[in-house]
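Novice: here is the input, now give the coordinates:
(2 chains)
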Amino acid sequence: MTELTVMLVDNEPARAAIVERAMLDNGYRVIRRLETTQHLTQAVAECQPDIVIIDIESPDRDMLENMSRLSKDNPRPIVMFAEEDDSSHIEAAIRAGVSAYIVDGMQPSRVKPILQVAVARFREFQALRTELDSVKSQLEERKVIEKAKGLIMKHQHCDEAAAYKALRKLAMDRSQRMIDIAKNVISVMELMGDSK
Amino acid sequence: MNQSNLNNSHAHVKLGFIPLIDCAPFVIAKEKGFFFGQGVNVTLSKEASWASIRDKVAFQLLDGAHMLASMPLASTLGVGTVRTAMQTSFTVSHNGNGITVGNGLYERMQGVANTPDELRNAQALKRLIDKELDSIFRFAIVYPYSSHNYQLRDWLAGAGIDPDKDVQIIVVPPTKMVAYLQQGEIDGYCVGEPWNSLAVEQGIGHMLVTGYEIWGNTPEKVLGVNAQWANQNPEIHHSIIRALDKACSWVQNSDNTNELLAILSEPDYLNCTEEQLRFGFSEIKPKGKFDWPMEAYQIFSGVSVNHPSPNYALWIVSQMWRWQQLARPVRLIDTINQVYRQDIYCNALDRQLEPLPAFMNSAEFDEQKWLKSALEGRLKIHPHGIEKGVVF
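Specialist: Next up, the predicted model:
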């Protein structure tokens, strides 16, 4: 059995790199990796991949939908996923954000492992991104709190510890998050022209 | 869930939409509180492709969506996708498509046209194709199972052009149409507004003919839902239909146009300027070579608009058959009755509504003869519209 060839289309280069690495590690050949492209159908026609893995949120997906027609320009029709008896795997893929177009007539048993590799990497990437987003927002929150603290120090002529304590007390009294109190403090001070 | 439960706690429903002007009723039903007023808390999810809409509704990441009128049929039949039962019981809009060609093709067509009519009925294009055997003529549509594809093909075939051999038809996302035309990637397209008018306004192309002039009044977008969801949640489905019905009349009322444009242009929706949208809703179109007949504009409201039309469903499945998108013959009547649910529409709106007469239910309808005529391209929509029937 010849090794299957894969084309990856993903607007997220970092994720595409992770998926490509995993494909190679699992013995598949990635013949082309693309970000969003004007010439997607042309690229598919040129590369003739066995399977195209594309981010479900890609606006270019509809272009591939047209390739299921058999024509002289497209001797190997590409269909969405493969066999319909495989719907639990397709559902898992869609939930992970993976869509796949496969050369018509290919056995589902050959496609399934590739799809599983892609799904696993998409999930991993999603988890990484969620973590990164939370670190980023924590950093952002810390900056806002620092700024509010600075304004209080200036306005009340107090030290940092006292300013922090004042913020925390406000948050506890109003049962709000520190970050929300800090944002309120900043906007009130700005209103009073006292934020410089 | 019964009505009293609905009132106590709002049901949650997730609906997808594509940022096109005809998603307006969905956006308005949400923003003006029509969904909420019906006891439903709707989350709208902006989707990047029709394929994404279809797949997410199929696997219930979405309960329903703004869909091409052909999509619930294609999904139920398993055309180009995994077979999933979908339904539509409410049509959101009629009309609004146009065929535009770039300046380059227009000039070449003009060079061989004897009359302006030959530009509009594709005879000039036919002559050009016969004359320039080596040229490639590339047209774009938005999706293979769409009115745009079938209208373009009907227009070409009407002039004796074979859409599969004499031209290339590719899919391009609507938002990229004008740019592709300008860059010469494509020679023309069939798409909804405002992309025909924008090409005319920017001096990139000429709108030749509207979808209305090819097919008459025909459904364009619908509320498409996962059939399993609809069967499990009939009351919520009815509430969604009532809210959309209200939103459609709101959108149709020209007093609301400015507010509509302001809402639709927001980043959560079409994310563009109000001016870009105006051509989709106003009576004023940029002055081009050919005018839009008033009837060709998008229509959102009225019983004859919103009622699901089995006659149109039959027409669409016939087009799938005609253009060989169906691998095998299908049971036409069963499929259409299963997908285009007039009973739900009538129940939801609680009016003394009569189902539309469907000509497939008439005594003289012969399924085999019909399919044969469709394949031979001999079916034409009645000059007075699809509800009047089809002529052979």
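
Novice: A helix includes B:S93, no?
Specialist: No: according to DSSP: H, G, I helix; E, B strand; the rest coil, the state of B:S93 is strand, so it is not within a helix.

Novice: the longest helix seen in chain A: what's the following helix or strand?
Specialist: When chain A is parsed with DSSP state H, its longest helix is helix A:108-156. On the C-terminal side of helix A:108-156, the nearest following helix or strand under DSSP states H and E is helix A:160-173.

Novice: helix or strand right after that following helix?
Specialist: With DSSP H and E, the next secondary element past helix A:160-173 is helix A:178-191.

Novice: just the angle between that next one and helix A:108-156, please?
Specialist: Interaxial angle of helix A:178-191 relative to helix A:108-156 (axes from the mean of the first three to the mean of the last three Cα atoms, to 10 degrees): 50 degrees.

Novice: list the helices and strands helix A:178-191 packs on?
Specialist: For helix A:178-191, the elements it packs on are helix A:108-156, helix A:160-173, judged by 3 or more Cβ pairs under 8 Å, 6 or more residues apart in numbering or on different chains; DSSP states H and E. C-beta coordinates here come from the backbone N, C-alpha and C atoms, glycine included.

Novice: got CSV for those helices, with mean pLDDT and distance to B:I344 too?
Specialist: CSV is the format used below for the helices and strands packed on helix A:178-191 (pLDDT from 0 to 100; distance: least, Cβ to Cβ, whole Å):
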stretch, mean pLDDT, distance to B:I344
helix A:108-156, 90, 35
helix A:160-173, 92, 51
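
Novice: residues in contact with the most centrally placed residue in chain A?
Specialist: By Cα atoms, centre = their mean, the mean C-alpha position of chain A lies nearest to A:Q126, the distance being 5.6 Å. Residues near A:Q126 by Cβ atoms under 8 Å, 6 or more residues apart in numbering or on different chains: A:96-97.

Novice: what's the helix or strand for B:V222?
Specialist: Using DSSP H and E, B:V222 sits in strand B:219-226.

Novice: rewinding a little: make TSV out of the helices and strands packed on helix A:178-191 and add distance to A:L40.
Specialist: Output for the helices and strands packed on helix A:178-191, formatted as TSV (distance: least, Cβ to Cβ, whole Å):
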stretch	distance to A:L40
helix A:108-156	18
helix A:160-173	51
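
Novice: and of those, who's closest to B:V303?
Specialist: Taking Cβ to Cβ, helix A:108-156 is the member of the helices and strands packed on helix A:178-191 nearest to B:V303, at 45.6 Å.

Novice: show me where the stretch 101-250 of chain B has strands.
Specialist: Using DSSP state E, counting those that start in this stretch, the strands of the stretch 101-250 of chain B run over B:138-141, B:168-171, B:188-192, B:205-210, B:219-226.

Novice: returning to that earlier point: parallel or antiparallel, which strands does the strand holding B:V222 pair with?
Specialist: Strands that pair with strand B:219-226, judged by DSSP bridges, come out as strand B:64-68 (antiparallel), strand B:86-94 (antiparallel).

Novice: tell me the buried residues in stretch B:181-190?
Specialist: Neighbour-count burial for stretch B:181-190, counted by 16 or more other Cβ atoms under 10 Å in any protein chain shown, picks out B:181-182, B:185-190.

Novice: from those, which two are the most distant?
Specialist: Using Cβ to Cβ, those span at most 17.1 Å, a distance reached by B:Q182 and B:C190.

Novice: B:I316 reaches B:L68, doesn't it?
Specialist: No: taking contacts as Cβ atoms under 8 Å, B:I316 lies outside contact range of B:L68: 9.4 Å.

Novice: which residues do those two both contact?
Specialist: Common neighbours of B:I316 and B:L68, using Cβ under 8 Å, 6+ apart, are B:S147.

Novice: just to revisit the earlier point, as CSV, the strands paired with strand B:219-226 with distance to B:S249, mean neighbour count and mean pLDDT would be great.
Specialist: Listed next are those as CSV, based on distance: least, Cβ to Cβ, whole Å; neighbours: other Cβ atoms under 10 Å in any protein chain shown; pLDDT from 0 to 100:
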stretch, distance to B:S249, mean neighbour count, mean pLDDT
strand B:64-68, 17, 28, 98
strand B:86-94, 12, 27, 97
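
Novice: got CSV for the ones you listed, with distance to A:E20 too?
Specialist: Converted to CSV, the strands paired with strand B:219-226 look like this (distance: least, Cβ to Cβ, whole Å):
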stretch, distance to A:E20
strand B:64-68, 32
strand B:86-94, 35
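
Novice: which parts of chain A sit against chain B?
Specialist: For chain A, the residues in contact with chain B (Cβ under 8 Å from any Cβ of the partner chain) are A:38, A:41, A:56-66, A:68-69, A:71, A:73, A:79-81, A:84, A:87, A:90-91, A:94-95, A:99.

Novice: residues of chain B that sit close to chain A?
Specialist: With Cβ under 8 Å from any Cβ as the criterion, chain B meets chain A at residues B:48-52, B:55-56, B:59, B:61, B:78, B:80-83, B:142-144, B:164, B:168-173, B:175-176, B:180, B:185, B:324-325.

Novice: among the residues you listed, name the ones in helices.
Specialist: B:50-52, B:55-56, B:180.

Novice: out of those, which two sit at the greatest distance?
Specialist: For these, the farthest-apart pair by Cβ to Cβ is B:K56 and B:Y180; their separation is 26.4 Å.

Novice: domain ranges for chain A, per the record?
Specialist: Chain A breaks down by automatic domain parsing into domains covering A:5-131, A:135-191.

Novice: just those: most buried one?
Specialist: domain A:5-131 (a mean of 18; mean count of other Cβ atoms under 10 Å in any protein chain shown).
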